[in-house]
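A.B. asks: Sequence and predicted model, in that order:
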Amino acid sequence: MGTTRLLSSFRNSGRILATASVLAMVIAGGTPAAFAQQEGGAPRPDIAESVSAVVNDDIISSYDLVQRMRLVILTADIKPTQENLPQIQQLALNQLIEERLQIQELRRVEKENKTTILPTDKELDEIIADTVQSQFNMNPEQFYQALAQQGIGRQTYRDQIRAEFTWQQYMRGRYGSRMRVSKDQIKAFQQRMSDAASKPQYQVSEIYIDANSVGGMQVAYNGAQSLIDQMQQGAPFPQVARQFSASATAASGGDAGWISPGEMPPQVDAALEQLRPGQLSPPVATDDGVYILYLRDKRAGGSSTLVTLKQAAIQLAPDADQPTIDAATASLERVRAMNPTCADLEAKAGQVPGVQAGDMGEAEITGLSAPFAEAATNTPANQLSAPAIRTQGGLHLLMVCGKRTAGGEQMTAEQIERRLIGQQLVLVSKRVMRDLRSQATIEMR
């Protein structure tokens, strides 16, 4: 999202942000009037501020909750409504609770091992500079000013990034070196890839809402539909995924890469079969939660050969006599004599009267008519087919500009190892967070 788009989003949502504050403060037992102004335009609670939750004696205030709700709304670029505010509030509260637990654990490890894990303010500045540049195309001061215009203090964002980045680094540093991927695991992965090569493959972005975390399947389903409505109105999928998805792909904006049938729940496979590239799915309910899918691209199974084609052609009536056909053939041979390439076929064909040239795009050979399929199979790249192909519409020379086997390149052993280690780290992080939650004293107010 560029600077203009983000600022526009902030201004357009400003009218409803007050409603978000009202809802959060009512639940917390206070009123919006409990907020005063602090430096940078961000509101600050006075003595009327109330407590929303306590995590091991660490307080999450109504101010913290309102601030995080606003941050979620703006960084996800969604329009807050009375219908989705409860979902946003629950997400914001869950984020704050997990971050409190993470920071508490990191400080415990620092003290126990007499080491430093959490970044200094200067180090955090560098992390934030990289983050806001890549996600919002802004420098930090532009971003902070934009937040302040809507009453969001810079510390709210800094606290989120400090916890998120440091926890990921800590998990990778503590457990990454312990992860082991055997040669048998790599071979098994390669075999699965080989087996899947003959199946259709889908390039997918995903958002996963865990029903257990949000209060049940119906809540998850309704929340997914609300997010779909927002994205159909222009909210960017990657930013919504970063804030709302419970999947490991949230950090990469929901990018799940290329997947084959069998890698995801069967309900997801069935939904992908119905989508065309560029389409957003309706909510897809599975056993434990709800998916939102965005199909970015689709490719055929590995047994298919795809060709990129151009043609030079002359229109002829189906009942054209032989002299007319001979004259058209001679014109096309003049084009062949110019030794055109894919890059200059149109320009050279345009020098011969009556000849038209154009791009036919990429197609599976098996999907072409028999004469075109034979020519595409037998013609080397950057050469024109011989002889000319006669159809009901005219006479054609076919040029093969590219030829590949569907299914894409296979991953190397090193890439497979990195992926498997990454998956293991995600599972470990979830287990650690589950343990921290179970051992903590968390009181909701």
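C.D. replies: That came in fine, so what should we check first? As the structure is a computational prediction, the values presented were derived from the model and not from experiment.
A.B. asks: only C-alpha atoms for contact and neighbour calcs from this point on.
C.D. replies: Will do.
A.B. asks: and the next element down the chain from the helix or strand containing Asp159?
C.D. replies: According to DSSP states H and E, Asp159 maps onto helix 154-175. Per DSSP H and E, the first helix or strand lying C-terminal to helix 154-175 is helix 183-196.
A.B. asks: May I ask which helix or strand of the protein has the lowest mean pLDDT?
C.D. replies: strand 35-37 (a mean of 40; mean pLDDT, DSSP states H and E).
A.B. asks: isn't Ala224 right next to Val290, touching?
C.D. replies: Yes: applying C-alpha atoms under 8 Å, one finds Ala224 in contact with Val290, separated by 7.0 Å.
A.B. asks: quick one: the helix ranked longest in the chain to chain centroid distance?
C.D. replies: Identified as the longest helix of the chain according to DSSP state H is helix 85-113. Relative to its parent chain, helix 85-113 has a centroid offset of 24 Å by C-alpha atoms, centre = their mean, to the nearest Å.
A.B. asks: Can you list the buried residues in it?
C.D. replies: Going by neighbour count (16 or more other C-alpha atoms under 10 Å), the buried part of helix 85-113 is 85-93, 95-104, 106-107.
A.B. asks: just stretch 288-302 next, same as before
C.D. replies: 289-302.
A.B. asks: Kindly reformat those as CSV containing secondary structure.
C.D. replies: Formatted as CSV, these follow (DSSP: H, G, I helix; E, B strand; the rest coil):
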residue, secondary structure
Gly289, strand
Val290, strand
Tyr291, strand
Ile292, strand
Leu293, strand
Tyr294, strand
Leu295, strand
Arg296, strand
Asp297, strand
Lys298, strand
Arg299, strand
Ala300, coil
Gly301, coil
Gly302, coil
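A.B. asks: quick one: least confident of the residues you listed?
C.D. replies: On pLDDT alone, Gly302 ranks lowest of these, at 56.
A.B. asks: any weak-confidence spans in this structure?
C.D. replies: 1-48, 194, 196-198, 301-304, 405-410 (pLDDT under 70).
A.B. asks: any chance you could map the strands in it?
C.D. replies: Remark: strands assigned in the chain by DSSP state E are 35-37, 43-45, 51-55, 58-61, 201-210, 255-259, 284-285, 289-299, 305-315, 356-364, 389-390, 394-405, 442-444.
A.B. asks: Contacts for the fourth one, please.
C.D. replies: Residues from elsewhere that reach strand 58-61, judged by C-alpha atoms under 8 Å, 6 or more residues apart in numbering: 49-54, 96-97, 100.
A.B. asks: mind listing what that strand pairs with, with the direction of each?
C.D. replies: Its sheet considered, strand 58-61 pairs with strand 51-55 (antiparallel) by DSSP bridges.
A.B. asks: what angle do the partner strand and helix 85-113 make?
C.D. replies: 40 degrees (axes from the mean of the first three to the mean of the last three C-alpha atoms, to 10 degrees).
A.B. asks: Centre of the chain to strand 51-55, how far?
C.D. replies: 33 Å.
A.B. asks: Next, work out how far apart the residue nearest to Gln133 when sequence neighbours are not counted and Ala129 are.
C.D. replies: Residue nearest to Gln133 in three dimensions, not counting chain neighbours: Asn139, with 5.9 Å by C-alpha to C-alpha, 6 or more residues apart in numbering. Shown here: Asn139 relative to Ala129, a distance of 6 Å by C-alpha to C-alpha, to the nearest Å.
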